[in-house]
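>>> Got a sequence here, can you build the structure:
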Amino acid sequence: MVQDMARLQEWVEFKGIEAGLGQHGVDSLIHEVAVGHLTAENVATAFLKRFYRRWLDEVYALDPVLRDFRIDDHEQTIATFRNADRNFVRSAHQRIRARLLDDPNRPHIGLLNVPSSSELGILMRQSTRKRGLMSIRRLFRAIPSVLQRLKPCVMMSPLAVSTFLDSEQLRFDVVIFDEASQVRPFDAIGAIYRGRQLIVAGDKEQLPPTRFFDRLDSQEDVESSEDSEEIDNKLADFDSILDKCESLAMPRKRLRWHYRSRRESLIAFSNHHFYGNELVTFPSVLDVDGCSAVRLHHVPMGRWLAGDGGGYNPVEASETAQCVVEHFETHPDLEGDGRRSLGVITFNQRQQTAVLDELEKIRKARPELEDHFSDSVSEKLIVRNLENVQGDERDYIILSVGYGRDMAGKFAMRFGPLNHEKGERRLNVAITRARHGVILVSSVRADDIDLTRTQSRGAQLLRAYLDFADRGPKAIREQIIDSGDGENDSPFEYEVEQALLRLGLKCRRQVGCSGFRIDLALVHPEREGRYLLGIECDGATYHSSRTARDRDRLRQQVLERLGWRICRVWSTDWVRDPERQIKRIMLAYEEELKRVDSWQAPISHAFVPDEPKEIHEEQPVLRNRDPNEVALVSGSYSSIEDVPNNILREVISGLLRRVGQTSREQLVKSVARELGFQRTGKKIQERVESTIDKMAARGDLTNNDEGLLSVG
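Numbering: from 1, shown residues only. The predicted structure is shown next:
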């Protein structure tokens, strides 16, 4: 006892702590430590666990949404929403079509008493003629209102707008420019002038309007020209309508989701160097440990030859053609899921011709490959150059650089249009045409390009892309290609990850290389180049989506079309029963492992947006007839005096809306027929003309320079 007196102070402190804990109702923890149920080191953790559990029980009691949350019910709700949203999008065209056909004023050939001078009369008369037809320009000028009611949406090039739309009455609610980076402002003015609103869609980092091939009929990619200032003047790109709109500080909206590339490495380079890493891209199941879909095919013996019509590299052209053959042999299917389309892009026009010549030799030598060159296959083989490839895309792209050392072993550091201002945009266009993979055929490597000899941004980025294709993801900074080593967004994700690691699974976190990442991904146990299962937790990534469509349908739809199977873990159910959630994950993992290992047909990598089914004209569409239409043609009036003023005005305006502008004389006759009168007597003519004059005075009708009446 005397020996324990030295510890008396400790005992007093202990009793004081026990009393303090008792005041807060947690003195049971002391008892559990005393009897050996808890160690002193685990007291704080045990306390926090019990505190949070009681706090959650209290929150659940107060919030019926959390209390009644069941994973099966919630996922069924999401599935119902997905189906409803998908059907809503698919049926949009049907709703628009039905609305247009329901319009009682829509012109149609079944109308009776169509005045020959009216717009509809002119159109019907022209449609039956075999000779002496009006030009399109004259016809459109004669039928402006009927044209727009028949075709409320018109798709034309800027040049076609100026050529064919020669009428002040042809105005549009909205004018939309696509690929606006290639539209010159003076070409766009004619279309802009005809619209009340303007939407300009384009990518300023892609090909601008150019006169590269307009001015250089005979050239050696301009490398042999003697005056660089003269070259710049000849090759200078124009500003586009997109550039002009940006300079005017018009409101801008960036479309950030990137769909074309089925592998992130296909867009990672451009996302970093051109778009400031702002594009939202989606990882593929093949994007493990930074595996790249871009590879370099080096042609060390390739030599650049000068010549009439431009320089070219015949050895590289031959190698490029052989790569085409290898692709056809690797992907022999001409149709179906196994088909993979192919495109070839060269960096100058003369190299394009050289590749085509080599392919022609192969076709003659190997006729069994002829079907792959057929125009009848979907997405046939294309061979383009930098200046005309924008707008095209294929599953695989072969890029032929062409430029390299000459026969004396000298490298001139001239890269044609890439060397000039905005030339790097051409490179961006070329390297973003592929969905599944790119083969970069080049006679030089990145180290061969000496940046001290050129200030061109195009040359700098070409060197960087050669390095990227040669060395793979490690050539790009770690923020571009992420191998799955990011930090967890929340403790919840960490708990799920640790539970999976304890089961011996290979788990990667924050998979992806853009703003969107998959929380956790399980790697195939034997094929480390493939992910098996993506796991998303309802954490920061899930909450960041602003709409249910993005969060619960489109994002997962895109991932599934890139080969992913996604398993979602809900924090509410994880807290209640983590073992059950782990079993769900393991079940999905084992099912996917079995599917992959049994070589079942892979999930389609082709992103196909929700497309409407084809609507054939013979399909019946219910039309609601104008309730006044039957009464107006029923012939129930015995004299013109019996026709109420409001009915007469409706007949006049309705007739003009249906048949378009027409002459006064023929309008009077058609109104009389519409009212059921067989002859147009003096009284009828005076009454109708008087009503027309009153309507014109009020602004309900207008009279153009040619004396034709139309609805005001």
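
>>> Burial check on Gly416, number of neighbours?
28 (other C-beta atoms under 10 Å). Heads up, the C-betas are built off the backbone N, CA and C, glycines and all.

>>> So it sits against Asn348, correct?
Yes - counting by C-beta atoms under 8 Å, Gly416 does reach Asn348; the two are 5.1 Å apart.

>>> what's the domain layout of this protein?
The chain breaks down into these domains under automatic domain parsing: 3-67, 116-122+134-247, 303-470.

>>> closest one to Glu706 among those?
When the domains of the chain are compared by C-beta to C-beta, domain 116-122+134-247 sits nearest Glu706, at 9.5 Å.

>>> Low-confidence regions, the stretch 351-500 of the chain specifically.
In the predicted model, the stretch 351-500 of the chain carries pLDDT under 70 at residues 473-486.

>>> before we move on, what about the stretch 1-150 of the chain?
Per-residue confidence for the stretch 1-150 of the chain (pLDDT under 70) gives these ranges: 1-6, 8, 21, 25, 27, 109, 112.

>>> wait, isn't Ala430 in contact with Val389?
Yes - with contact defined as C-beta under 8 Å, Ala430 and Val389 form a contacting pair (6.3 Å).

>>> Looking at those two, which is more packed in?
Ala430 (26 against 22).

>>> Arg194 reaches Asp166, doesn't it?
No - with contacts counted by C-beta under 8 Å, Arg194 stays clear of Asp166, the gap being 11.0 Å.

>>> List the buried residues for stretch 71-91?
Neighbour counts using 16 or more other C-beta atoms under 10 Å place Ile71, Arg82, Asp85 of stretch 71-91 among the buried residues.

>>> Setting aside sequence neighbours, what's the nearest residue to the first one?
Spelled out, it's Ile71. Once flanking residues are discounted, Ile71 sits nearest to Asp573: 4.8 Å by C-beta to C-beta, 6 or more residues apart in numbering.

>>> Counting by contacts, list what the helix or strand where that neighbour lies packs against.
Taking DSSP states H and E as the definition, Asp573 sits inside helix 571-576. Helix 571-576 sits against helix 491-502, helix 578-597, with contacts defined as 3 or more C-beta pairs under 8 Å, 6 or more residues apart in numbering; DSSP states H and E.

>>> Show me what the last one is in contact with.
So that's helix 578-597. Helix 578-597 has contacts (C-beta atoms under 8 Å, 6 or more residues apart in numbering) with 495-496, 499-500, 503, 505, 522, 524-525, 527, 530, 532-533, 535, 565, 567, 569-570, 573-574.

>>> Now do the helix or strand where Gln557 lies: distance to the chain's middle.
Here Gln557 sits within helix 555-561, counting by DSSP H and E. Mean-position distance between helix 555-561 and its chain equals 14 Å (C-alpha atoms, centre = their mean, to the nearest Å).

>>> isn't there a strand covering Arg568?
Yes - looking at Arg568 with DSSP: H, G, I helix; E, B strand; the rest coil, it is inside a strand.

>>> so what's the closest residue in space to it that isn't next to it in sequence up against?
Using C-beta to C-beta, 6+ apart and skipping residues adjacent in sequence, the residue nearest Arg568 is Glu536, 5.1 Å away. By C-beta under 8 Å, 6+ apart, the residues touching Glu536 are Ile518, Asp519, Leu520, Tyr542, Ile566, Cys567, Arg568, Val569.

>>> Just give me the neighbour total for the closest residue to Ala464 other than its chain neighbours.
Spatial nearest neighbour of Ala464, excluding adjacent residues (C-beta to C-beta, 6+ apart): His273 at 7.0 Å. His273: 22 surrounding residues under other C-beta under 10 Å.

>>> Pretty sure Arg463 is one of the things His273 touches, is it not?
No - at 11.6 Å, His273 does not count as touching Arg463 under the criterion of C-beta under 8 Å.

>>> sorry, back to before: if you compare the domains of the chain, which one is most tucked away?
domain 303-470 (a mean of 19; mean count of other C-beta atoms under 10 Å).

>>> What are the phi and psi values at the nearest residue to Met250 once chain neighbours are set aside?
Nearest non-adjacent residue to Met250, counting by C-beta to C-beta, 6+ apart: Val200, 7.6 Å away. Torsion angles at Val200 (phi, psi; degrees, to the nearest 10) stand at phi -120, psi 110.

>>> residues contacting Val200?
Val200 is in contact with Ile176, Phe177, Ala180, Ile241, Leu242, Cys245, Met250, counting by C-beta under 8 Å, 6+ apart.

>>> Of all residues in the chain, which one is nearest the centre?
In the chain, the centroid-proximal residue (C-alpha atoms, centre = their mean) is Tyr259; its distance is 5.5 Å.

>>> pLDDT wise, what is that one at?
Per-residue confidence (pLDDT) for Tyr259: 75.

>>> pretty sure it contacts Gln557?
No - applying C-beta under 8 Å, one finds Tyr259 not in contact with Gln557, separated by 10.7 Å.

>>> Break down the stretch 601-712 of the chain into its helices, ranges please.
Ranges of helices in the stretch 601-712 of the chain, per DSSP state H, counting those that start in this stretch, are 627-632, 645-659, 664-674, 682-698.

>>> mind checking the longest strand of the chain?
Criterion DSSP state E: the longest strand present in the chain is strand 434-442.

>>> who's in contact with that strand?
With contact meaning C-beta under 8 Å, 6+ apart, strand 434-442 is reached by 260-263, 266, 293-299, 302, 316, 319-320, 323, 340, 343, 393-401, 404, 431, 465-466, 469, 605-606.

>>> can you pull the alpha-carbon coordinates of it into PDB?
Extracted C-alpha coordinates of strand 434-442, given in PDB (Å, rounded to 0.1, in the frame of the first residue of the first chain):
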ATOM      1  CA  ALA A 434      -9.500   9.100 -84.700                       C
ATOM      2  CA  ARG A 435     -11.900   7.200 -82.500                       C
ATOM      3  CA  HIS A 436      -9.700   4.200 -81.500                       C
ATOM      4  CA  GLY A 437      -6.100   4.700 -82.500                       C
ATOM      5  CA  VAL A 438      -3.400   6.700 -84.400                       C
ATOM      6  CA  ILE A 439      -0.300   5.500 -86.100                       C
ATOM      7  CA  LEU A 440       2.200   8.300 -86.700                       C
ATOM      8  CA  VAL A 441       4.400   7.400 -89.700                       C
ATOM      9  CA  SER A 442       7.500   9.600 -89.600                       C
END
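
>>> could we number from 44 for the rest of this?
All right, first residue 44 from here; so that's strand 477-485.

>>> just how off-centre is the helix or strand just after it within its chain?
Moving toward the C-terminus from strand 477-485, the next helix or strand (DSSP H and E) is helix 500-514. Relative to its parent chain, helix 500-514 has a centroid offset of 26 Å by C-alpha atoms, centre = their mean.

>>> again with stretch 610-629
Put simply, stretch 610-629 sits 34 Å off its chain's centre (C-alpha atoms, centre = their mean).

>>> With stretch 227-234 instead?
25 Å.

>>> do stretch 150-164 as well
Remark: stretch 150-164 is offset 42 Å from the chain centroid, using C-alpha atoms, centre = their mean.

>>> Quick one: residues in contact with it.
165-168, 185-190, 192-193, 676, 701-706, 708-710, 712-713, 716-717, 751.

>>> how does it look with 6 Å?
186, 189, 192-193, 701-706, 709, 713, 716 (C-beta atoms under 6 Å, 6 or more residues apart in numbering).

>>> Same question for stretch 417-436.
By C-beta under 6 Å, 6+ apart, the list of residues contacting stretch 417-436 from outside reads 250, 255-256, 303, 377, 384-390, 392, 395, 398-399, 416, 469, 472-473, 476.
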